[in-house]
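> Give me coordinates for this.
(one chain, ligands or ions: 1)
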Amino acid sequence: MTKQRVAVLISGRGSNMQALVRAARAPDYPAEIVAVISNRPGAAGLAFARDNGIPAEAIDHKAYPDREAFEAALHQSLLRHRAELVACAGFMRILTPGFTRRWAGRMLNIHPSLLPAYKGLHTHEQALADKATRHGASVHFVSEELDGGQVIAQAAVPVMEGDTAETLAARVLNVEHPLYVKALELVASGKVQFKTSS
Ligand code: GAR
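Numbers count the residues shown, from 1 in each chain. Have a look, this model is predicted:
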């Protein structure tokens with residue numbers, strides 16, 4: 001089978017990226033991870049990628065004068081790796097519309113909430129403050145609106161009595177890994193397609 005070439009963007013630990021790397025080893029998984037790129041040179045996930053024989057690259061956003069210059073370097077790197085899809089996995093940079101438009105329908109993100117609830121940061125704190133009984137994670141296509149693109153798949157967890165942001169985050173992270181593996185499979189195999197608004 002022809003696998004879709006996927007670059008994974010990270011900023012830190014990279015546990016979702018690791019789940020994708022492990023899943024993509026299966027011969028019948030429709031994606032291969034061709035690069036792991038971090039905007040933070042010290043991201044722990046880069047070492048995992050290197051140890052697993054995957055090209056790993058740091059593109060330090062602080063080395064660029066503005067978002068556009070950083071994104072131009074990122075775009076060039078994605079082209080160099082001949083990425084067909086981009087999977088943001090704990091990638092903590094806001095992307096400009098110019099960049100998201102270039103990758104529209106080909107860039108995914110995992111967000112730790114049941115979108116459209118709790119866009120942005122501190123999602124677990126927000127769910128607790130709301131006394132939500134359900135929380136979870138979503139994988140969506142990246143659009144110009146932060147955490148606002150078409151949802152591909154979601155997974156829910158219960159919020160338990162006595163939960164802290166940490167216990168809730170850990171419960172959500174457990175379902176994020178299989179969720180992202182499934183969502184990338186759906187997109188890479190063509191089973192889920194991006195709906196253009198035109
Ligand atoms: C994950 O919980 C992911 O959903 C979240 O960051 C964590 C990264 O963990 N992403 C966002 O908050 C994006 N706004 P990981 O580095 O272990 O995959």
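> switch to C-alpha atoms for all contacts and neighbour counts from now on
Noted.
> Go through stretch 102-109 and flag the buried ones.
Residues Trp103, Ala104, Gly105, Arg106, Met107, Leu108, Asn109 are the ones in stretch 102-109 that count as buried (16 or more other C-alpha atoms under 10 Å).
> Sorry, wrong one. I was asking about stretch 69-85.
Phe70, Glu71, Leu74, His75, Ser77, Leu78, His81, Ala83, Glu84, Leu85.
> can you check stretch 107-117 too?
Met107, Leu108, Asn109, Ile110, His111, Pro112, Ser113, Leu114, Leu115.
> same check, this time on stretch 20-32
Within stretch 20-32, the residues scored as buried using 16+ other C-alpha under 10 Å are Leu20, Val21, Ala23, Ala24, Tyr29, Pro30, Ala31, Glu32.
> can you list these in TSV and add pLDDT, distance to Arg40 and secondary structure?
Putting those into TSV (pLDDT from 0 to 100; distance: C-alpha to C-alpha, whole Å; DSSP: H, G, I helix; E, B strand; the rest coil) gives the following:
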residue	pLDDT	distance to Arg40	secondary structure
Leu20	98	20	helix
Val21	98	19	helix
Ala23	98	24	helix
Ala24	98	24	helix
Tyr29	98	29	coil
Pro30	98	28	coil
Ala31	98	25	strand
Glu32	98	23	strand
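> got those residues as CSV, with distance to the ligand columns?
CSV is the format used below for these (distance: C-alpha to the nearest ligand atom, whole Å):
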residue, distance to the ligand
Leu20, 10
Val21, 12
Ala23, 14
Ala24, 16
Tyr29, 20
Pro30, 20
Ala31, 18
Glu32, 17
